[in-house]
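1. Predicted model follows, preceded by the sequence.
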Amino acid sequence: MVSMITITENAQQHFGKLLAQQPEGTNIRVFVVNPGTQSAECGVSYCPPEAVEASDTEMKLELFSAFIDELSYPFLDDAEIDFVTDKMGSQLTLKAPNAKVRKVADDASLIERVDYILQTQINPQLAGHGGNVSLSEITEDGVAILQFGGGCNGCSMVDVTLKEGIEKELLAQFEGELTGARDITDHARGDHSYY
């Protein structure tokens, strides 16, 4: 049984009710469209018996099975599907933190692990302001050299974002491996700046 996707009890009950109205033998499929890209989206659909592929991974639950295609599988690590009810109504929520970037192994190189944290934890926060950051290199003395883009390029708060946000987060997660973070972006006002 695959345990990488968490389908909460509320979500299982919700799917159970929906599947009861479908032809017998229908289950669900969990998938990622454009996996490993910035436009990746997680989805759920009905999966009739004839749509099951030999390469699918089956996750057996009490009321039904969830099928995951071979391409989506590595990008659904730590995914969660929930059915939330609040004052505004009910909605299905899908969280797939590794849909855009495949999770890296604990023993991956420092540059791969730092890039993974930037892509999955830092950039989603910067995206709210139209910005992003990428890793250019890590120096011999452990300094992460970063390049800002989008709304961060030319922003007057970029130094605070770097020192109080990104650098603190990276030093906490890579204690003993990283010694700092430095910005190499040309923030001078010009055609490249985002305004």
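-> In hand now; what should we look at? Residues are numbered from 1 along each chain as shown.

2. ok, so what distance separates Ala66 from Cys47?
-> Distance, Ala66 to Cys47, using CB to CB, to the nearest Å: 8 Å. Heads up, the C-betas are built off the backbone N, CA and C, glycines and all.

3. Let me fix that, I meant to ask about Glu112.
-> Distance, Glu112 to Cys47, by CB to CB: 33 Å.

4. which of those two has more neighbours?
-> Cys47 (26 against 12; other CB atoms under 10 Å).

5. what sits against that one?
-> Under the criterion of CB atoms under 8 Å, 6 or more residues apart in numbering, the neighbours of Cys47 are Thr26, Asn27, Ile28, Arg29, Phe67.

6. Narrow the residues you listed to those in strands?
-> Asn27, Ile28, Arg29, Phe67 (DSSP state E).

7. Go ahead and confirm the last one touches Val52.
-> Yes - because the distance of 5.8 Å satisfies CB atoms under 8 Å, Phe67 is recorded as touching Val52.

8. picking that back up, rebuild the contacts of Cys47 as JSON lines, extending it with distance to Leu162, neighbour count and pLDDT.
-> What follows is the contacts of Cys47, written out as JSON lines (distance: CB to CB, whole Å; neighbours: other CB atoms under 10 Å; pLDDT from 0 to 100):
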{"residue": "Thr26", "distance to Leu162": "50", "neighbour count": "16", "pLDDT": "96"}
{"residue": "Asn27", "distance to Leu162": "47", "neighbour count": "22", "pLDDT": "97"}
{"residue": "Ile28", "distance to Leu162": "43", "neighbour count": "24", "pLDDT": "97"}
{"residue": "Arg29", "distance to Leu162": "42", "neighbour count": "20", "pLDDT": "96"}
{"residue": "Phe67", "distance to Leu162": "43", "neighbour count": "20", "pLDDT": "96"}
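
9. and which of the residues you listed is nearest to Thr85?
-> Proximity of these to Thr85 (CB to CB) peaks at Ile28, which lies at 19.6 Å.
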